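**Q** need coordinates for the below:
(chains A and B)
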Amino acid sequence: MAPLPLLEVKNLCTEFRTGAGVVHAVDGISYTVEQGETVAIVGESGSGKSVGALSLLRLIPDPPGRITAGEVIFAGRNLLALSEDEMRQVRGGDIGMVFQEPMTSLNPVLTIGRQITETLEQHRGADRAECDRRANELLRLVGIADAPRRLKQYPHQLSGGMRQRVMIAIALACDPKLIIADEPTTALDVTIQAQILELMQRLTHQLGVALIIITHNLGVVARYADRVNVMYAGRIIETGRSADIYHTPHHPYTMALLRSVPRLDRPRQARLDPIEGQPPDLTRLDQGCSFRARCRFAVDQCAAARPPLVPVGAAGQSAACWRSAELAAEAA
Amino acid sequence: MSTPLLEVRGLRMHFPITEGIIARRQLGEVKAVDGVDLTIAKGETLGLVGESGCGKTTMGRCILRLETPTGGEIRYNGVDIATLGRRDLMALRRRIQVIFQDPYSSLNPRMKVAAILGEPMKVHGIVPDARKRADRVRELLSLCGLNPSFADRYPHEMSGGQRQRVGIARALALEPEFIVCDEAVSALDVSIQAQIINLLEDLREKLNLTYLFIAHDLSVVRHLCQRVAVMYLGRVVELASCDEVFENPLHPYTKALLAAVPVPDPTVEAGRVVQPLSGEVPSPINPPSGCVFHPRCPIAVDACKRERPEPREHRPGHWAACSQIA
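**A** The predicted model follows:
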């Protein structure tokens, strides 16, 4: 029997109650993350990729948000059933987080050193000397030179790339088994983005840490992810190994997404092939497929019932489309 | 060659850094743009790329005369725009317009779309009649791919892509010939981004527009532009046709920039070794001596610390500012 996955998300649902109605931000997603693996979650704004990841750590503001169903089995325990105290030990302990905005996710009135040692004290009960030693080691690990001086500095004295390195150091402080990185490089310039992503890849491989990387950048996914979950309107509509998703996509949304980006590695196209229309209003989803209004392959069946995520194509690949097998055969 | 539509010569925009409220002392200056030469021909799209703080937005603002440059000149149709008086400046604004990055903060949340699009026409007195103005608003909306009924909406009732279409319609309201697109598609999701890029291309053809397309996304620039200028710390380090820059980059910074972009193909990426550029962009307050890129440059020699390289034409139309290019 295969060993249990590090993380297993089962039918997770998160909703927000708003004035306009109930928003089903995450609507029954299930996936697994193996030990040491990098899984990317891609999707556009409002597809539920961030809410899905925050729900794993129960960081959804309640009210208005609420996790209404599902299980999050991490290393054998259901995180959704833990007490708030137990949960606090998981966050920053076994699961580290790296957020998008390194400016707003670091505390502006605490030194870098304090923010790293705080994690160590909370989770490991380490003493002062041990904390300082480990903080120095962590900064060196993430490629920050002159660690003793940097530890005394405040976030505003560091550049964006530097701050993101500090975030990574904090995430790694307690030897986590999993890091969740929510758009870790979206706010950074492209040369700094490359530095940070190469660093994260090297460290996660070296330390055997699993990584969930949330992004809208298809290039980043292609370079860094082992497997990909593509989300649309709160659901995973396609999942599989990166190579399979990129070379033989089976969901019309994935196909369209890949076609709509201009690419540096191919001759210039005369015209881009966008996905027409807008993403749906999440308060008004019906029983049908939520992509059908923008889908050029939609048929009557798509309005009648929502297609389930079923295995199709390569091993480990699944798509939620009534016509995926037929479309992939056509494309091949 | 005929005279270019826009000609920028030795443009400098240094912002003073001051201290004190009553007795102001100048502590230094931010050299946002430090000696840039560019030309844009009529009907052309020039891409301006670079990382945050390289001065690309300041360039755009100078061309719009939202900033008064501290040196150099900007000639539009042969006339130096820095010397224009109030009335001539009004006339210039009808011909040069702008599309901003953020469709959330660049539309007044208290105005309906009809008012947002009607205001420039009213200010410039080009469609004084209110009923005709309403017709023109509907026309602009459909030109930009929106249902004319959107005239009655407020910005918050629209998605990001729809707002950006309104931003484009507003830029077109005065029938300009030149548009500065400042990160016009950067804030949009990929599926929507492609829609807006196609719209900008259609409008360029239909209305014979000239664009200065400021962006940091290289693949978008390659798709949309004929020529590209790469900026680093207030200077243009490379300027050439799009094909030249992307197929045959000369400047080490351009090469590093291109290498840093991952392409959406796992097989290509698996075989690609990325050696990210070390360090970060230095401060424009106290830029490095000589070539501003030398502290991060993989091929820098001692001379690069002393001498500022001037742009040289290495191949016809392909300019690069680096002393180490053979």
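**Q** going forward, measure contacts between C-alpha atoms and count neighbours the same way
**A** Fine.
**Q** buried stuff in stretch A:280-296?
**A** If you call a residue buried by 16 or more other CA atoms under 10 Å in any protein chain shown, then stretch A:280-296 has these buried ones: A:280, A:282-283, A:289-295.
**Q** find the pair from those residues with maximum spatial separation.
**A** A:T283 and A:C295 (19.9 Å; CA to CA).
**Q** report the buried residues of stretch B:4-21.
**A** By neighbour count on 16+ other CA under 10 Å, the buried set for stretch B:4-21 is B:4-9, B:11-14.
**Q** please apply the same query to stretch A:210-222.
**A** So for stretch A:210-222, counting by 16+ other CA under 10 Å, buried means A:210-222.
**Q** filter these down to the ones near chain B?
**A** Restricting the buried residues of stretch A:210-222 to those touching chain B (CA under 8 Å from any CA of the partner chain) yields A:216, A:218-222.
**Q** close to chain B: what parts of the stretch 201-332 of chain A are there?
**A** Residues of the stretch 201-332 of chain A lying near chain B by CA under 8 Å from any CA: A:216, A:218-223, A:242-243, A:246-247, A:257-258, A:260-265, A:268-269, A:271-276, A:278.
**Q** would you map the helices across the stretch 101-250 of chain B?
**A** B:113-123, B:130-143, B:160-172, B:190-207, B:218-224, B:242-247 (DSSP state H, counting those that start in this stretch).
**Q** out of those, deepest packed?
**A** With neighbours defined as mean count of other CA atoms under 10 Å in any protein chain shown, these peak in mean count at helix B:160-172, which reaches a mean of 25.
**Q** tell me the contacts of the residue positioned nearest the centre of chain A?
**A** In chain A, the residue lying closest to the centroid (CA atoms, centre = their mean) is A:I214, at 2.7 Å. Shown in contact with A:I214 (CA atoms under 8 Å, 6 or more residues apart in numbering or on different chains): A:40-42, A:49-50, A:180-184.
**Q** dump those to CSV, plus secondary structure and distance to chain B.
**A** Putting the contacts of A:I214 into CSV (DSSP: H, G, I helix; E, B strand; the rest coil; distance: CA to the nearest CA, whole Å) gives the following:
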residue, secondary structure, distance to chain B
A:A40, strand, 13
A:I41, strand, 14
A:V42, strand, 11
A:K49, helix, 14
A:S50, helix, 15
A:I180, strand, 21
A:A181, strand, 18
A:D182, strand, 16
A:E183, coil, 14
A:P184, coil, 15
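**Q** which of those residues count as buried?
**A** For these, buried by 16+ other CA under 10 Å: A:40-42, A:49-50, A:180-184.
**Q** A:E84: which of the residues you listed is nearest?
**A** A:I180 (19.3 Å).
**Q** that closest one touches A:G96, doesn't it?
**A** Yes - judged on CA atoms under 8 Å, A:I180 makes contact with A:G96 at a distance of 6.2 Å.
**Q** which residues touch stretch A:289-297?
**A** A:232-233, A:252-253, A:275-280, A:298, A:302-303, A:305-307.
**Q** give the contact list for the closest residue to B:D189 other than its chain neighbours.
**A** Distances taken as CA to CA, 6 or more residues apart in numbering or on different chains place A:E44 nearest to B:D189, at 5.8 Å, with adjacent residues excluded. Residues in contact with A:E44 (CA under 8 Å, 6+ apart) are A:216, A:231-232, B:189-190.
**Q** same question, B:D302
**A** For B:D302, the contact set (CA under 8 Å, 6+ apart) is empty.
**Q** which bits of chain B sit near chain A?
**A** So chain B meets chain A at B:51-52, B:159, B:189-195, B:197-198, B:218-220, B:222-223, B:246, B:256-257, B:260-267, B:269-270, B:274, B:276-278, B:280 (CA under 8 Å from any CA).
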